[in-house]
Each structure stands twice: as structure tokens, then as C-alpha cells.
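S.K.: predicted model follows, preceded by the sequence.
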Amino acid sequence: MKIDAVTAVAEARVILVSDTHLSTSAPQAQANWDAVLSYVAACAPDLVIHLGDLSLDGAGHAADLRHGRAQLDRLPVAWHAVPGNHDIGDNPWPGAPAGIAVDAGRQQRWLDIVGADHWSITAGGWVFLAVNAQLVGSGLAAEDAQWSWLDEQAGRYRGREPIALITHKPVAAPGPELAAAPPHRFWPASARGRLARLFGGTPPALVMSGHVHQYRLLRLDGADHLWVPTTWAVLPDQVQPAWGVKRCGIVSLTLTAGTLAGQKLIEPDGIEQHTITVDLPDPYRRHGLAGYLPDELGCLGHRAVRRGEQPGLHREVVPHARPPGVRHVHPGRRSAGRQQPGVRRKQFVSPGLDQQRR
């Protein structure tokens with residue numbers, strides 16, 4: 001069920017999902033999505049927001065995008081979505097493989113199959129401004145149109161209601177982390193500056209993103225930055241450092257009277273913890289050029305952030321058969337990348353993993 005206009009809700013519970021990587025050729029992604037659907041049906045939130053990478057390779061295969069749209073339509077509540085790099089292609093950046101960048105045709109395919117790629121709604125006293133992060137730096141006409149729209153929206157709501165920005169890619173991170181990051185992980189520096197100027201030096205109170213396949217909450221320059229984890233699979237530590245929590249799951253937001261009353265990581269009953277090349281093979285080695293990803297290895301020297309260093313991080317494992325909010329820990333559930341005693345795990349060797357990123 002897609003909502004097409006601003007929906008005013010005084011008090012709201014919002015479920016955030018990201019990086020589902022859905023395709024008829026990705027059964028593990030589908031099984032985890034089915035677990036999310038069961039949880040949403042049981043807890044009945046007001047809204048579900050998908051933060052991109054809906055499809056395994058919608059940028060290269062329209063069938064993946066159509067499958068992703070069909071899965072969104074299975075949600076029993078209203079939903080909205082923004083595209084990710086696997087849906088429409090990536091921002092251009094120096095050294096990017098040929099054919100990886102977003103173009104007008106790929107963006108139009110998202111519009112035709114899924115719907116709007118930027119939008120605004122109000123919920124729980126907040127204004128949600130969602131943007132197509134893949135357009136940033138593309139030079140496409142759609143990028144100019146989106147900046148104009150965002151300028152108008154910021155002018156309308158700035159100083160009146162708290163603003164939450166929704167984007168597939170994280171906008172920013174601490175300085176040393178930005179300096180060490182590959183060019184495809186965050187918004188380009190020029191776009192970050194333009195965004196700051198657009199909001200007149202007062203950043204959105206909350207910035208929500210996906211893309212990195214980790215759950216994280218950090219505060220930068222007066223704004224809370226919330227990373228929404230993947231529902232599909234995390235990357236192994238030797239390929240991507242752990243800045244947050246590497247778990248497959250979703251995030252629940254509680255919004256009341258213009259305040260963020262709470263946020264927490266939820267692992268619905270039935271969701272499996274997968275690590276690429278450990279629990280399942282790397283699909284982008286065989287899925288076509290649009291899925292190929294640049295190297296993540298340059299950041300391996302960055303210190304991992306310990307869970308205790310992130311105030312506000314809360315995690316609970318919730319079975320869909322129980323009322324929302326009931327704590328339940330599944331006995332024997334293993335962490336991503338960690339082997340249980342007595343359990344043999346197949347190691348998938350993928351020579352192309354060093355060509356991949358999130």
C-alpha cells in the first residue's frame with residue numbers, strides 16, 4: 001500500500017527497513033523479508049519506510065525492481081521508499097567502473113515501477129524529507145529539480161517543525177572516518193556543503209540512512225545520524241570495519257508530539273543472520289556489471305566502534321507472535337560472522353569480494 005501525499009499523524013510508530021536486496025534469485029533475502037512482513041503484520045505500525053537497495057540489481061535488471069515493488073505491496077500498512085545504488089546506479093566518482101553510475105533511464109525506471117524518488121510526509125509532529133541520494137553529483141536534470149524541491153521544503157518547514165532527512169547513503173561521519181572512507185560510502189563533500197547551506201546552518205534534527213549494512217546512532221553538529229541495518233546480509237569484518245552493530249534487522253521509531261520518543265533495533269522472529277561469503281556466496285560476482293562494487297579494503301585500519309561507545313543504541317529480538325515491545329532472546333541464535341560450537345559453516349570463496357562495497 002503506497003501513500004502518495006503528506007500523511008499527518010500526531011503520534012506514530014514507524015518501521016525503517018533497508019538493503020533488502022530482493023530478487024527471485026536471492027532466496028535468503030526473501031526469507032528474511034518474509035520475517036519482516038510477519039513482524040509488521042503483528043505490530044501494525046503506522047508506516048514503513050524503505051531506505052534503498054530494495055533490489056539485488058534493479059540497476060541492471062528491471063525484473064529485480066519489479067519483484068521488489070511486489071514485495072513492498074505485500075506490506076499490510078502504508079509504505080514509502082527511496083532508491084539505492086543497487087536500484088538505479090551509483091553517484092559518479094573518480095575511478096568508478098564503467099556502467100555503474102546512475103543515468104536518466106535507470107532513474108525513470110524507478111519512477112515507473114516503484115514511484116516517487118523524493119517526497120515529504122508528516123508523522124508524529126515531524127516532517128520527513130526523503131531524497132534520492134544517488135542523484136547527488138550526477139549532473140542529471142533530475143538532480144537540479146531535486147535540489148530546488150529540497151530548498152523549497154526546507155524553507156517551508158525550517159524552524160517550525162523538526163525535520164528528519166531520509167537518504168540511502170549516510171550524509172556524514174566523524175572527520176577521521178570521512179577522510180579514510182572510499183568515495184562511494186557517503187555523500188560527496190560538495191553536496192554535504194550544499195545541504196548545510198540549504199538548511200541555513202541548522203541541520204535536520206535526524207538523518208536516517210542505510211547503505212552500510214550496520215546499525216548505528218551518532219551525533220554530529222547538532223543532528224542525530226541513524227544508520228538502518230540490512231535485512232539481508234552483513235559484510236565480513238576483513239572487508240568492512242564495524243563502526244556500529246553488524247546485525248540483520250529493522251529499526252522501530254516512536255514519534256510523539258515532535259519528539260523522538262524512542263528508537264531500537266528489532267530482529268524479528270525468523271530473520272537469519274547472514275554474512276556474505278561466510279553464510280552465502282557473493283551474488284555480485286555473477287549478477288552483471290551493474291552489481292559490481294569498488295574496493296572496501298582501504299578502510300580496514302580504522303578502529304571499530306564498540307557498542308558501548310554509542311549512547312542510545314538499543315537492540316531486542318522480537319518474535320512476531322508476541323505483542324510488540326515484549327523482549328525475547330532466541331536461544332542459540334548466532335551472531336553474524338561467529339561460529340557456534342559444534343556447528344560447521346560452509347565458507348564461500350569469492351575472489352571478487354575486493355571489488356565490492358557498501
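M.R.: Nice, I can see it. Residues are numbered from 1 along each chain as shown.
S.K.: strands of the stretch 101-250 of the chain, start to end?
M.R.: 119-123, 126-130, 163-166, 206-209, 216-220, 223-227, 250-256 (DSSP state E, counting those that start in this stretch).
S.K.: please name the strands paired to the second one in the sheet, noting orientation.
M.R.: Think strand 126-130. Partners of strand 126-130 in the sheet, by DSSP bridges, are strand 119-123 (antiparallel), strand 163-166 (parallel).
S.K.: coming back round to it: could I get the strands of the stretch 101-250 of the chain as TSV with mean pLDDT and mean neighbour count?
M.R.: For glycine as for every other residue, the C-beta is placed from the backbone atoms N, C-alpha and C. Shown next, in TSV, are those (pLDDT from 0 to 100; neighbours: other CB atoms under 10 Å):
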stretch	mean pLDDT	mean neighbour count
strand 119-123	95	21
strand 126-130	96	24
strand 163-166	96	25
strand 206-209	97	24
strand 216-220	94	18
strand 223-227	95	22
strand 250-256	94	22
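S.K.: quick revisit: just tell me which of the strands paired with strand 126-130 ends up closest to residue 272.
M.R.: strand 163-166 (26.6 Å; CB to CB).
S.K.: any idea how far residue 148 is from the one residue sitting closest to the centre of the chain?
M.R.: With distances taken as CA atoms, centre = their mean, residue 210 lies nearest the centre of the chain, 2.1 Å away. Computed with CB to CB, to the nearest Å, the distance linking residue 210 and residue 148 is 25 Å.
S.K.: so what's the residue count around residue 106?
M.R.: Residue 106 is flanked by 20 other residues according to other CB atoms under 10 Å.
S.K.: now residue 221
M.R.: Residue 221: 10 neighbours (other CB under 10 Å).
S.K.: quick one: it and residue 203 touch, right?
M.R.: Yes: using CB atoms under 8 Å, residue 221 is in contact with residue 203, at 6.0 Å.
S.K.: take the strands of the stretch 101-250 of the chain and write them to a markdown table, including distance to residue 264.
M.R.: A markdown table is the format used below for the strands of the stretch 101-250 of the chain (distance: least, CB to CB, whole Å):
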| stretch | distance to residue 264 |
| --- | --- |
| strand 119-123 | 17 |
| strand 126-130 | 17 |
| strand 163-166 | 16 |
| strand 206-209 | 14 |
| strand 216-220 | 10 |
| strand 223-227 | 11 |
| strand 250-256 | 5 |
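S.K.: which one of those strands lies closest to residue 60?
M.R.: Short answer: strand 206-209, nearest of those by CB to CB, at 23.0 Å.
S.K.: I would like the residues contacting the closest one, please.
M.R.: 16, 18, 49, 51, 126, 133, 162-172, 223-228, 260 (CB atoms under 8 Å, 6 or more residues apart in numbering).
S.K.: contacts only, for residue 20.
M.R.: Applying CB under 8 Å, 6+ apart, the residues contacting residue 20 are 29, 32-33, 36, 50, 53-55, 68, 71, 230-232.
S.K.: take those and write them to JSON lines, including pLDDT, neighbour count and secondary structure.
M.R.: As requested, the contacts of residue 20 are exported to JSON lines (pLDDT from 0 to 100; neighbours: other CB atoms under 10 Å; DSSP: H, G, I helix; E, B strand; the rest coil):
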{"residue": "29", "pLDDT": "98", "neighbour count": "26", "secondary structure": "helix"}
{"residue": "32", "pLDDT": "98", "neighbour count": "27", "secondary structure": "helix"}
{"residue": "33", "pLDDT": "98", "neighbour count": "23", "secondary structure": "helix"}
{"residue": "36", "pLDDT": "98", "neighbour count": "25", "secondary structure": "helix"}
{"residue": "50", "pLDDT": "98", "neighbour count": "29", "secondary structure": "strand"}
{"residue": "53", "pLDDT": "98", "neighbour count": "27", "secondary structure": "coil"}
{"residue": "54", "pLDDT": "98", "neighbour count": "31", "secondary structure": "coil"}
{"residue": "55", "pLDDT": "98", "neighbour count": "32", "secondary structure": "strand"}
{"residue": "68", "pLDDT": "98", "neighbour count": "28", "secondary structure": "helix"}
{"residue": "71", "pLDDT": "98", "neighbour count": "21", "secondary structure": "helix"}
{"residue": "230", "pLDDT": "98", "neighbour count": "30", "secondary structure": "coil"}
{"residue": "231", "pLDDT": "98", "neighbour count": "28", "secondary structure": "coil"}
{"residue": "232", "pLDDT": "98", "neighbour count": "27", "secondary structure": "coil"}
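S.K.: put together CSV for the residues you listed, with distance to residue 281 on each row.
M.R.: Output for these, formatted as CSV (distance: CB to CB, whole Å):
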residue, distance to residue 281
29, 13
32, 16
33, 19
36, 22
50, 25
53, 18
54, 21
55, 18
68, 21
71, 22
230, 16
231, 18
232, 13
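S.K.: hang on, the earlier thing: adding distance to residue 199, write the strands paired with strand 126-130 out as a markdown table.
M.R.: Putting the strands paired with strand 126-130 into a markdown table (distance: least, CB to CB, whole Å) gives the following:
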| stretch | distance to residue 199 |
| --- | --- |
| strand 119-123 | 14 |
| strand 163-166 | 8 |
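S.K.: sweet, I'm off.
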